[in-house]
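Student: Next come a sequence and a model predicted from it.
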Amino acid sequence: MDAHVPPDLPLYEQIKSAIDRRIETEEWPANFQLPSEDELAGEFGVSPLTVRRALRELQSDGVLIRVQGRGTFVIGPRTQCAIFNLSDISEEVALSGGVHSCLVLEHEVLDKDGIGRSMLQLPPGEIAFHSRLLHLEDGTPIQLEDRYVNASEAPDYINQDFSKTTPHAWLLRETSVTTVDNTIRSIRADEEIRQHLQIDPNQPCLLLDRSTWREGIPVTRSRFIYPGDRYRLRSTHEARTNRIVNAPNKGR
């Protein structure tokens with residue numbers, strides 16, 4: 001077992017820590033295909049079931065992705081951003097020394113009975129806006145953003161030019177929220193997403209699904225998709241409360 005791993009941990013935790021260390025040190029870099037469960041079991045001197053549990057937990061942690069019929073791969077990080085306090089993508093790119101640009105793929109008023117109302121869980125007849133944006137760093141796609149906005153909470157959203165500013169920056173100025181919900185998971189991108197992000201069919205992606213409310217009223221529902229080898233989502237926050245009220249960076 002890895003000399004850096006405490007020997008008093010359960011066997012599956014020791015394997016999990018050893019694999020995680022290899023990924024952190026980039027001994028196993030982005031898109032690296034892991035050895036088979038039997039090979040890892042032989043290396044660590046444990047049963048395949050123990051290896052399987054360690055790999056399953058690493059998949060749940062968003063470190064690995066299993067592709068049916070192909071094997072288990074490393075989801076490799078490059079850039080970092082906070083999940084619970086999501087910052088402006090243009091600011092992140094600038095801080096990393098890159099140049100941000102944005103392609104507006106869609107910017108529209110949705111039908112009153114369309115998917116937007118169901119995504120936001122709006123009452124019948126309420127209007128929703130939708131925008132699909134492709135964010136690039138130095139010309140390379142790093143994020144595909146689908147955002148649904150409650151028109152009654154942000155009526156001027158549809159009039160904005162998001163090739164010049166970001167929805168995040170505009171919404172931060174023009175709206176307020178009291179609750180934010182985040183879900184993150186790995187996904188296999190469909191053909192349209194792969195074309196936008198310029199990735200191959202076997203490359204994993206990270207999906208951050210974020211919803212915001214103001215006193216129970218839906219404000220936004222956003223889906224951010226990142227190429228697995230170009231982005232790392234990380235959260236650092238104070239564990240004081242699960243409630244977010246008028247935070248200085250609400251990450252809509």
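Tutor: Yes, it's here. Numbering: from 1, shown residues only.

Student: which residues touch residue 15?
Tutor: With contact taken as C-beta atoms under 8 Å, 6 or more residues apart in numbering, residue 15 is in contact with 1, 40, 44, 46, 50-51, 54. C-beta: built from backbone N, CA, C; applies to glycine.

Student: for residue 71, same thing?
Tutor: Each residue near residue 71 by C-beta under 8 Å, 6+ apart is listed here: 33-34, 36.

Student: Packing partners of the helix or strand harbouring residue 41?
Tutor: Secondary structure from DSSP states H and E places residue 41 in helix 37-44. For helix 37-44, the packing partners by 3 or more C-beta pairs under 8 Å, 6 or more residues apart in numbering; DSSP states H and E come out as helix 11-24, helix 48-60.

Student: Report the distance from the last one to the chain centre.
Tutor: Going back to what we said before, that points to helix 48-60. Remark: helix 48-60 is offset 22 Å from the chain centroid, using C-alpha atoms, centre = their mean, to the nearest Å.

Student: Show me what that helix is packed against.
Tutor: Partner elements for helix 48-60 (3+ C-beta pairs under 8 Å, 6+ apart): helix 11-24, helix 37-44, strand 64-67.

Student: Run through who's touching the helix holding residue 41.
Tutor: Helix 37-44 has contacts (C-beta under 8 Å, 6+ apart) with 1, 11, 14-15, 18, 34-35, 47-48, 50-52, 55.

Student: What angle do helix 48-60 and it make with each other?
Tutor: On the basis of axes from the mean of the first three to the mean of the last three C-alpha atoms, to 10 degrees, helix 37-44 is oriented at 110 degrees to helix 48-60.

Student: On the C-terminal side of the lowest-mean-pLDDT helix or strand in the chain, identify the next helix or strand.
Tutor: Ranked by mean pLDDT, DSSP states H and E, the helix or strand of the chain with the weakest confidence is strand 79-82, at a mean of 46. For strand 79-82, the following helix or strand on the C-terminal side (DSSP H and E) is helix 89-95.

Student: Quickly list what the residue positioned nearest the centre of the chain is bridged to.
Tutor: With distances taken as C-alpha atoms, centre = their mean, residue 208 lies nearest the centre of the chain, 3.3 Å away. Bridge pairing for residue 208 (DSSP bridges) gives the partners residue 184, residue 224.

Student: What of the one 4 residues further on?
Tutor: When bridges are taken as DSSP bridges, the partners of residue 212 come out as residue 180, residue 220.

Student: Compute the number of surrounding residues for it.
Tutor: A count of neighbours around residue 212, defined by other C-beta atoms under 10 Å, yields 26.

Student: these two touch, right, it and residue 182?
Tutor: No - counting by C-beta atoms under 8 Å, residue 182 is not a contact partner of residue 212; they are 9.9 Å apart.

Student: what is the residue nearest to residue 108 when sequence neighbours are not counted paired to in the beta sheet?
Tutor: Leaving out its chain neighbours, the residue that sits closest to residue 108 by C-beta to C-beta, 6 or more residues apart in numbering is residue 130, at 5.5 Å. With beta bridges defined as DSSP bridges, residue 130 has these partners: residue 108, residue 148.

Student: ok, now which ones touch residue 130?
Tutor: Taking C-beta under 8 Å, 6+ apart as the criterion, residue 130 is in contact with 106-108, 110, 116, 146-149.
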